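Enquirer: got a structure for you, letters missing:
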């Protein structure tokens with residue numbers, strides 16, 4: 001079928017395919033800029049082979065930042081019983097959408 005890669009960015013690992021678009025933590029890069037990502041493993045489903053890095057492979061994965069945006073709002077509520085204390089705050093995480101290039 002295709003090649004699959006395990007990449008690492010922002011302290012997290014993602015399983016990606018070619019031309020896939022994923023949301024990751026904010027990369028502090030402008031939209032339409034090119035970035036290189038660290039590759040932990042490569043999986044080829046046609047040949048049934050797996051390459052593992054120690055901890056990374058020598059090759060880098062090219063990706064393009066599509067846009068920077070805010071994620072869904074998360075409501076954070078504080079509550080204390082019997083004292084009429086209630087506080088609700090919202091939080092939106094900053095994210096970047098990236099499109100994976102050729103693996």
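Expert: Thanks, I have the structure now. Just so you know, these numbers come straight off a predicted model, no measurement behind them.
Enquirer: Given the helix or strand residue 90 falls within, what are its sheet partners and their directions?
Expert: Secondary-structure element containing residue 90, defined by DSSP states H and E: strand 85-100. The sheet places strand 85-100 alongside strand 21-25 (antiparallel), strand 60-80 (antiparallel), with pairing taken from DSSP bridges.
Enquirer: Residues contacting that strand, please?
Expert: Judged by C-beta atoms under 8 Å, 6 or more residues apart in numbering, the contacts made with strand 85-100 from elsewhere in the structure are 5, 16-27, 29, 35, 61, 63-79. Any C-beta I mention is one placed from the backbone N, CA and C, and that applies to glycine too.
Enquirer: buried residues in it?
Expert: Within strand 85-100, the residues that count as buried by 16 or more other C-beta atoms under 10 Å are 95-98, 100.
Enquirer: low-confidence ranges in this protein?
Expert: Applying pLDDT under 70 to the chain flags residues 1.
Enquirer: Contacts only, for the spatially most central residue of the chain.
Expert: The residue lying closest to the centre of the chain (C-alpha atoms, centre = their mean) is residue 24, at 2.9 Å. Residue 24 is in contact with 9-10, 12, 14, 95-96, 98, counting by C-beta under 8 Å, 6+ apart.
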